[in-house]
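Student: The following block contains a protein sequence and its predicted model.
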Amino acid sequence: MFGATALVLAPEHPRLMGFARAGGREAEVARFVAEDRARRLADRFTATVEKLGVFTGRHAINPFSGEKIPIWARTSS
């Protein structure tokens with residue numbers, strides 16, 4: 001945790017849309033979540049899966065370093 005450069009949440013995280021709403025990026029994050037759901041269904045039949053993500057518009061504070069780090073949503077597959 002000391003060297004963390006970002007906080008990453010799964011698209012299914014229950015607080016994700018709250019962070020996105022507060023960060024002014026609700027529409028972009030909602031679109032990402034919808035695309036992720038559709039992509040996962042298609043990816044079940046492929047060998048390689050590309051990791052994708054979107055910034056929520058919010059930041060967290062690393063409790064060890066005190067640094068402000070971005071909160072991202074990222075594909076979990």
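Tutor: Structure's in. What do you need?
Student: How far does the host helix or strand of Ile69 sit from its chain's centre?
Tutor: Counting by DSSP states H and E, the element that carries Ile69 is strand 68-74. Distance of strand 68-74 from the chain centroid (C-alpha atoms, centre = their mean, to the nearest Å) equals 7 Å.
Student: elements contacting that strand?
Tutor: strand 7-9, helix 16-22, helix 26-43, strand 53-61 (3 or more C-beta pairs under 8 Å, 6 or more residues apart in numbering; DSSP states H and E). C-beta here means a position set from N, CA and C on the backbone, and glycine is covered the same way.
Student: buried stuff in the longest one?
Tutor: Under the neighbour-count criterion of 16 or more other C-beta atoms under 10 Å, helix 26-43 has Glu26, Glu28, Val29, Phe32, Val33, Asp36, Arg39 buried.
Student: who's in contact with the second one?
Tutor: Applying C-beta atoms under 8 Å, 6 or more residues apart in numbering to Glu28 gives the contacts Ala20, Val54.
Student: ok, now the fifth one?
Tutor: Listed by C-beta under 8 Å, 6+ apart, the contact set of Val33 reads Pro11, Leu16, Met17, Ala73.
Student: try the third one
Tutor: Contact partners of Val29, counting by C-beta under 8 Å, 6+ apart, are Leu16, Met17, Ala20, Val54, Thr56, Ala73.
Student: got it, and the first one?
Tutor: With contacts defined as C-beta under 8 Å, 6+ apart, the neighbours of Glu26 are Met17, Ala20.
Student: distance of it from Glu12?
Tutor: Distance of Glu26 to Glu12, given as C-beta to C-beta, to the nearest Å: 16 Å.
Student: Give me the distance from the lowest-mean-pLDDT helix or strand in the chain to the chain's centre.
Tutor: Of all helical and strand segments in the chain, the minimum by mean pLDDT, DSSP states H and E falls on helix 26-43, at a mean of 87. Counting by C-alpha atoms, centre = their mean, helix 26-43 is centred 11 Å from the centre of its parent chain.
Student: coming back round to it: okay if I get the helices and strands packed on strand 68-74 as JSON lines plus distance to Lys68?
Tutor: Below are the helices and strands packed on strand 68-74 laid out as JSON lines (distance: least, C-beta to C-beta, whole Å):
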{"stretch": "strand 7-9", "distance to Lys68": "11"}
{"stretch": "helix 16-22", "distance to Lys68": "14"}
{"stretch": "helix 26-43", "distance to Lys68": "19"}
{"stretch": "strand 53-61", "distance to Lys68": "5"}
